[in-house]
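coordinates only, no sequence provided:
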C-alpha cells in the first residue's frame, strides 16, 4: 500500500513538473516552482518543517486577458496538491 501511494505521488509530481516545463516564457514563475520544490524535498528528507509553515504564499496574479492567469492558478493548485503542501 505504501509503495502504491509513493508511486501515485511520484506520477502526480512528474505530471505537474511536465506541465511546468511546458510553460512558454514565465521564467520567474518557473523559478518560484523550483524554489518551492526544493523546500518541499528538503523538508521531506527530514529537514525543518517550519520552512514551509513560515513560507508566505500570498500572491496576486495580474495581467491582460489571455495571458495565462487562470492557467497558472490551476497549475499552482496542482503543484501544491501533488507536493502535499
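Received, thanks. Here the structure is a predicted model, which means the values were calculated and not measured.

host element of residue 65?
Under the criterion DSSP states H and E, no helix or strand holds residue 65.

residue 4 and residue 79, how far apart?
22 Å (Cβ to Cβ, to the nearest Å). Heads up, the C-betas are built off the backbone N, CA and C, glycines and all.

the more surrounded of the two?
Neighbour totals were compared for residue 4 and residue 79, and residue 79 leads with 21 against 8 (other Cβ atoms under 10 Å).

check which helix or strand covers the more buried one.
Following DSSP H and E, one finds residue 79 within helix 69-82.

packing partners for that helix?
helix 2-21, helix 27-44 (3 or more Cβ pairs under 8 Å, 6 or more residues apart in numbering; DSSP states H and E).

the inter-axis angle of that helix versus helix 27-44?
Using axes from the mean of the first three to the mean of the last three Cα atoms, to 10 degrees, the inter-axis angle of helix 69-82 relative to helix 27-44 is 10 degrees.

next one: helix 69-82 to chain centre, how far?
Chain-centre distance of helix 69-82: 7 Å, with Cα atoms, centre = their mean, to the nearest Å.

buried stuff in the helix or strand bottoming out on mean pLDDT in the chain?
Lowest mean confidence among the helices and strands of the chain (mean pLDDT, DSSP states H and E): helix 50-53, at a mean of 74. Under the neighbour-count criterion of 16 or more other Cβ atoms under 10 Å, helix 50-53 has residue 52 buried.
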